[in-house]
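Trainee: Curious how this folds, go ahead:
(one chain, ligands or ions: 1)
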Amino acid sequence: MLKGRTVIVGVCGGIAAYKAAELVRLFRRAAAEVHVIMTASATEFIAPLTFQTLTGNPVHVELFNLIQEREIGHISLADRADLFVVAPATANLIGKVANGIADDLLTTTIMATRAPVLLAPAMNVNMYENPIYQSNQQCLLDHGYQVMEPVVGELACGWEGAGKLPDPADIFDEAVRLLAPKDMRGLRVLVTAGPTREEIDPVRYISNHSSGKMGYAIARAAAWRGADVTLVSGPTCLPAPRGVRRIDVVSAEQMHREVLALADRADLVFKAAAVADYRPVSRAQAKLKKGRDCLERIDLEANPDILADLGKNKGRMVLVGFAAETDDLEKNAAAKLAAKGADLIVANDVSRGDIGFDADQNEVRLFFADGRNECLEKMDKAELADRLLDCAVDLFRAGGDAGTSQ
Ligand code: PMT
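Mentor: Modelled structure (predicted):
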């Protein structure tokens, strides 16, 4: 989404200015071209050299800098921006822009740009709640600027309340959402992610290595693209992506119940969760003690197959299953496609450490119900998520066209 796009990051003078460095790093990791504009007071909190090193570009502070103006004038900076993010945005900056005051490089460039502008305010809670600040913020919202809610918590000034800068990862998410094409608006997407846990006793369970990264990436990308997204998640350490409705489950039976209840309202279903095929026949009420109870054998019974149950009666829904394989990937994935009634199986080799379970990247082979198959090169799960969404949207639209022409 951000590859090759130009992002201007504005940094105001506040204690949270140091967090802008992490935000810039996230934009750079996403292959964006980043330029940083700092207010003079921001340079009191963090050195321009930090941003220059992270972006590889000179940092802009002064409005009338003859050398920078010749090489890259402030209007040219405003023009070349695909996105403008200000983090942290102070009450002063928001007040100035709301009142048309452009008296430094940052305010001038914000007012001159036609790119979407996202402001992430951070300040003392009393300043934030001050009606003058609130009316300035409302004025910006009325004029189409995007303003994030500050986080509630302990503030650097000692007060408790709303005023903390949102996490850089959340600002990044919001920024990407602004740039994403809204080509999935109106589509309802159901995603499963993470492992399931099948309890043996109150302290032990059977599970697997799924981190949830693959499914969360799909849910996040679909929400960015405007879809209405529900994520049914097994236990993971990941925060719910912004704009996604998350339902937490633990066992395969719980996941089965939730997914089947939601499926008839879904247009696209992605089954990225690593569901345990078996569970203990009975769960001990108390912790099994070493030496007393016999743990040499745990009797297991089969869990319901959620994907196969969805495939039995799927109507117009596009059903995307995954296949986690360690050997005979092609044969096993093709067998799963046939057995589970899916439209597409995404097969990955989970014996490799660099892809599959808990990795940031994946390399998959796609098996379509119409017999086509395609190998995708290794890529970030975020990028793969978009590729899988493209495939599912195409299948859904083709299904609709087929339906209308009959
Ligand atoms: O979460 P990450 O760390 O990012 O790792 C991603 C992943 C490796 C978990 C993911 O890419 C993946 O392969 N997910 C499917 C894991 C799996 O359970 O594969 P399977 O081959 O055992 O199952 C095939 C399909 O049937 C899967 O879509 C699975 O969700 C589904 N299934 C399996 C068993 C069951 N009882 N019910 C199911 O719905």
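Trainee: need the residues of the stretch 201-350 of the chain near the ligand, please.
Mentor: 210-214, 252, 271-275, 277, 303, 305-307, 321-324, 336, 348, 350 (Cβ under 6 Å from any ligand atom). Where C-beta positions appear, they are placed from N, C-alpha and C, glycine not excepted.
Trainee: Below-threshold pLDDT in the stretch 151-300 of the chain: ranges please.
Mentor: Regions of the stretch 151-300 of the chain meeting the criterion pLDDT under 70 cover residues 292-296.
Trainee: residue boundaries of the strands in it?
Mentor: 151-154, 160-164, 188-193, 198-201, 204-206, 228-233, 245-248, 268-271, 278-280, 300-302 (DSSP state E, counting those that start in this stretch).
Trainee: Can you get me a residue count around residue 94?
Mentor: 22 (other Cβ atoms under 10 Å).
Trainee: tell me the contacts of it?
Mentor: 119, 121, 133, 136, 137, 140, 147 (Cβ atoms under 8 Å, 6 or more residues apart in numbering).
Trainee: quick one on the thing from earlier: tell me which of the strands of the stretch 151-300 of the chain sits nearest to residue 176.
Mentor: strand 228-233 (14.7 Å; Cβ to Cβ).
Trainee: tell me which residues in that closest one are buried?
Mentor: 228, 229, 230, 231, 232, 233 (16 or more other Cβ atoms under 10 Å).
Trainee: what sits up against stretch 311-325?
Mentor: Applying Cβ under 8 Å, 6+ apart, the set of residues contacting stretch 311-325 is 214, 263-264, 266-272, 274, 307, 310, 329, 332-333, 336-337, 340-350, 356-357, 367, 388, 391-392, 395-396, 399-400, 403.
Trainee: if you set the cut-off to 7 Å instead, what comes out?
Mentor: If you take Cβ atoms under 7 Å, 6 or more residues apart in numbering as the criterion, stretch 311-325 is touched by 263, 266-272, 274, 307, 310, 332-333, 336, 340-350, 356, 388, 392, 395-396, 399.
Trainee: So residue 53: helix, strand or coil?
Mentor: On the three-state scheme (DSSP: H, G, I helix; E, B strand; the rest coil), residue 53 is labelled helix.
Trainee: need the contact list for it.
Mentor: No contacts exist for residue 53 under Cβ under 7 Å, 6+ apart.
Trainee: For it, give me the pLDDT.
Mentor: You'll see residue 53 listed with a pLDDT of 97.
Trainee: repeat for residue 143
Mentor: 93.
Trainee: From residue 394, how far off is it?
Mentor: Distance, residue 143 to residue 394, using Cβ to Cβ, to the nearest Å: 37 Å.
Trainee: now residue 332
Mentor: 25 Å.
Trainee: Likewise for residue 284?
Mentor: Residue 284 is 49 Å from residue 394, by Cβ to Cβ.
Trainee: next one: residue 218
Mentor: In terms of Cβ to Cβ, residue 218 sits 15 Å off from residue 394.
Trainee: Pick out whichever of these two has more residues nearby.
Mentor: Neighbour count, other Cβ under 10 Å: between residue 218 and residue 394, residue 218 has more, with 30 against 11.
Trainee: residues in contact with that one?
Mentor: Counting by Cβ under 7 Å, 6+ apart, residue 218 has contacts 191, 270, 272, 385, 388, 389.
Trainee: In strands, which of the contacts of residue 94 fall?
Mentor: Residues of the contacts of residue 94 located in strands (DSSP state E): 119, 121, 147.
Trainee: Kindly tell me how buried residue 76 is, as a neighbour count.
Mentor: The number of residues near residue 76, taken as other Cβ under 10 Å, comes to 13.
Trainee: which helices and strands does the helix or strand in which it is found pack with?
Mentor: If you go by DSSP states H and E, residue 76 is part of helix 74-80. Using 3 or more Cβ pairs under 7 Å, 6 or more residues apart in numbering; DSSP states H and E, the elements in contact with helix 74-80 are helix 105-112.
Trainee: in the helix it packs on, what counts as buried?
Mentor: 105, 106, 107, 108, 109, 110.
Trainee: Equivalent analysis for stretch 391-398, please.
Mentor: 391, 392, 393, 395, 396.
Trainee: Please save the CA atoms from that stretch in PDB.
Mentor: Taking Å, rounded to 0.1, in the frame of the first residue of the first chain, the C-alpha atoms of stretch 391-398 are listed here in PDB:
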ATOM      1  CA  CYS A 391      -8.200 -13.500  -5.400                       C
ATOM      2  CA  ALA A 392     -11.200 -14.000  -3.200                       C
ATOM      3  CA  VAL A 393     -12.800 -10.700  -4.400                       C
ATOM      4  CA  ASP A 394     -12.300 -11.800  -8.000                       C
ATOM      5  CA  LEU A 395     -14.000 -15.200  -7.200                       C
ATOM      6  CA  PHE A 396     -16.900 -13.500  -5.500                       C
ATOM      7  CA  ARG A 397     -17.500 -11.100  -8.300                       C
ATOM      8  CA  ALA A 398     -17.200 -13.800 -10.900                       C
END
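Trainee: What is the distance between that stretch and the centre of its chain?
Mentor: Here the centre of stretch 391-398 is set off from its chain's centre by 22 Å, with Cα atoms, centre = their mean, to the nearest Å.
Trainee: tell me the domain ranges of the chain?
Mentor: The chain breaks down into these domains under automatic domain parsing: 6-179, 188-397.
Trainee: Filter the residues of the stretch 201-350 of the chain next to the ligand down to just the ones in helices.
Mentor: Judged by DSSP state H, the subset of those located in helices is 213, 214, 252, 306, 307, 336.
Trainee: my guess is the second one meets residue 271, correct?
Mentor: No - at 10.7 Å, residue 214 and residue 271 do not qualify as touching, with contact defined as Cβ atoms under 7 Å.
Trainee: So which of the two has more stuff around it?
Mentor: residue 214 (30 against 26).
Trainee: show me what contacts that one?
Mentor: Neighbours of residue 214 in contact, by Cβ under 7 Å, 6+ apart: 193, 272, 362, 381.
Trainee: could I get these as JSON lines with neighbour count?
Mentor: Listed next are the contacts of residue 214 as JSON lines, based on neighbours: other Cβ atoms under 10 Å:
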{"residue": "193", "neighbour count": "26"}
{"residue": "272", "neighbour count": "27"}
{"residue": "362", "neighbour count": "27"}
{"residue": "381", "neighbour count": "22"}
